[in-house]
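A.B. asks: here is a sequence with its predicted model. Questions after.
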Amino acid sequence: MQNLRSPAVLATYLRTNGAAASPYLDRLCAQIHAHTTLLYWFTDLDAALAEARRTRRPVLSLRLLGRLDEELSCANSRFFRKLLYPEARINRLLRERFVLHWQSLRPVPRVTIDFGDGRRVQRTLTGNSLHLVLDGNGRPLDALPGLLAPDVFYRLLTGERVELPPVAPTRAVSASRVAMTKHVVEAPLLRAVSSDLDGDTRTNLELHARIRQALARGMWTADQLVAWIYRELFLMPLEDPALGLDAPDPF
C-alpha cells in the first residue's frame, strides 16, 4: 500500500469514489478520519522534501507522540485533526501552500482510570506535538509548539505577528509556580493531563518566541531543534523513558 500512495493517486481516488469516509481513504491520506480534511500526508521525509523542491513549497512537518493514522495518538494531534485541519481557512492554506508530513517521535503515553467497580477507561496524555516548517533542504524555518487556537495557528503559518493579552493561568498552574523547583517537577504532568485552549495558546506563544530567538542565534537541524524543544521547553526529554512524567506525588 505504501508504494501506491501519492498526491496524484489520492486525487484520482477522490474523482472516482468521492470523499466518503473509508479505511482506504484513511490509508491513502495517512490520517485517520481523513474524510474530514482530505489532506495528503507524507510519512517519508525525503519524499516530502523532494515534493517541496518540485512545488517550491515549504514542508509542514508534524512531530507527534503516537501516529496520525491511529485514533489514540496524543491529545494535541487529536485536537489538530478535529479542530485545526478541517477549519476552512487552515485547510485551504495547508492544501495550497505546504507539503504535509508527519513523524512519530515515540509511542504515546497512556493512562488508565480504574473506577474500582470493574470499569476502566484508557486515555492518552497530551504529550505535546509541534509543527516544524522546513525548507526544501530540510532546514527548519520555524516551529509552532503545542496547542494553539485556530486563528493563531493560521496567522503564524502565514507569517503574521501574533500577540495575545495576558491570560490568567489555571489554579493548578498558579499553585505550581509558587516555587520554581516545584513548578519544574509538576509542569510537565499538568500540561499532560489538562486542556485549556486560551491558556495553552498564550503559553505556546511564549515558547514560540523562544524558538524564534534560538533559530536566530544559530543553525539547527530539524532533529536538533525538535530535541531541544522537547527537552528545554516542553520539559519532556525524548531520551527520558518516562518523558518527564514520572514526577513524585506532590501530596
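C.D. replies: Yep, that arrived. Numbering: from 1, shown residues only.
A.B. asks: going by C-alpha atoms from here, please, whenever you check contacts or count neighbours.
C.D. replies: OK.
A.B. asks: what's the spacing between the nearest residue to Leu68 once chain neighbours are set aside and Ser77?
C.D. replies: Among residues not flanking Leu68 along the chain, Gln31 sits closest, at 5.3 Å (C-alpha to C-alpha, 6 or more residues apart in numbering). Noted for Gln31: a distance of 11 Å to Ser77, by C-alpha to C-alpha, to the nearest Å.
A.B. asks: which neighbours do the two have in common?
C.D. replies: Residues touching both Gln31 and Ser77 (C-alpha atoms under 8 Å, 6 or more residues apart in numbering): Leu68.
A.B. asks: who has more neighbours, the two?
C.D. replies: A count of neighbours by other C-alpha atoms under 10 Å puts Ser77 above the other of Gln31 and Ser77, at 27 against 24.
A.B. asks: what mean pLDDT does the helix or strand where the more buried one lies have?
C.D. replies: Assigning secondary structure by DSSP states H and E places Ser77 in helix 75-79. Mean pLDDT, helix 75-79: 89.
A.B. asks: check which residues of that helix are buried.
C.D. replies: Residues of helix 75-79 classed as buried: Ala75, Asn76, Ser77, Arg78 (neighbour count, 16 or more other C-alpha atoms under 10 Å).
A.B. asks: which one of those residues is nearest to Leu60?
C.D. replies: Minimum distance to Leu60 across the buried residues of helix 75-79 is 14.0 Å, recorded for Ser77 (C-alpha to C-alpha).
A.B. asks: distance of the closest one from Leu84?
C.D. replies: Ser77 sits 10 Å away from Leu84, going by C-alpha to C-alpha.
A.B. asks: contacts for stretch 136-149 next, please.
C.D. replies: By C-alpha under 8 Å, 6+ apart, stretch 136-149 touches 49-50, 52-53, 56-59, 76, 79, 128-135, 153, 156, 197-198, 200-201, 204-205, 207-208, 211-212, 215, 220-222, 225.
A.B. asks: what about these, which are in strands?
C.D. replies: Using DSSP state E, the subset of the contacts of stretch 136-149 located in strands is Val59, Leu130, His131, Leu132, Val133, Leu134.
A.B. asks: which of these lies closest to Asp117?
C.D. replies: The closest of those, once distances to Asp117 are taken by C-alpha to C-alpha, is Leu130, at 38.0 Å.
A.B. asks: hmm, the closest one is touching Leu62, no?
C.D. replies: Yes: between Leu130 and Leu62 there is a contact under C-alpha atoms under 8 Å: 5.9 Å.
A.B. asks: sec struct for Ala20, please.
C.D. replies: Three-state call for Ala20 (DSSP: H, G, I helix; E, B strand; the rest coil): coil.
A.B. asks: quick one: residues contacting it.
C.D. replies: By C-alpha under 8 Å, 6+ apart, Ala20 lies in contact with His35.
A.B. asks: quick check, pLDDT for it.
C.D. replies: pLDDT for Ala20: 97.
A.B. asks: count of neighbours near Glu96?
C.D. replies: When neighbours are counted by other C-alpha under 10 Å, Glu96 registers 10.
A.B. asks: please save the CA atoms from the helix or strand hosting it in PDB.
C.D. replies: Using DSSP H and E, the element containing Glu96 is helix 88-97. Presented in PDB, the C-alpha positions along helix 88-97 are these (Å, rounded to 0.1, in the frame of the first residue of the first chain):
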ATOM      1  CA  ALA A  88     -11.800  26.100   6.100                       C
ATOM      2  CA  ARG A  89      -9.100  28.700   6.100                       C
ATOM      3  CA  ILE A  90      -6.500  26.400   7.600                       C
ATOM      4  CA  ASN A  91      -7.400  23.500   5.300                       C
ATOM      5  CA  ARG A  92      -7.000  25.700   2.200                       C
ATOM      6  CA  LEU A  93      -3.700  27.000   3.500                       C
ATOM      7  CA  LEU A  94      -2.300  23.600   4.200                       C
ATOM      8  CA  ARG A  95      -3.500  22.200   0.800                       C
ATOM      9  CA  GLU A  96      -2.300  25.100  -1.300                       C
ATOM     10  CA  ARG A  97       0.900  26.400   0.300                       C
END
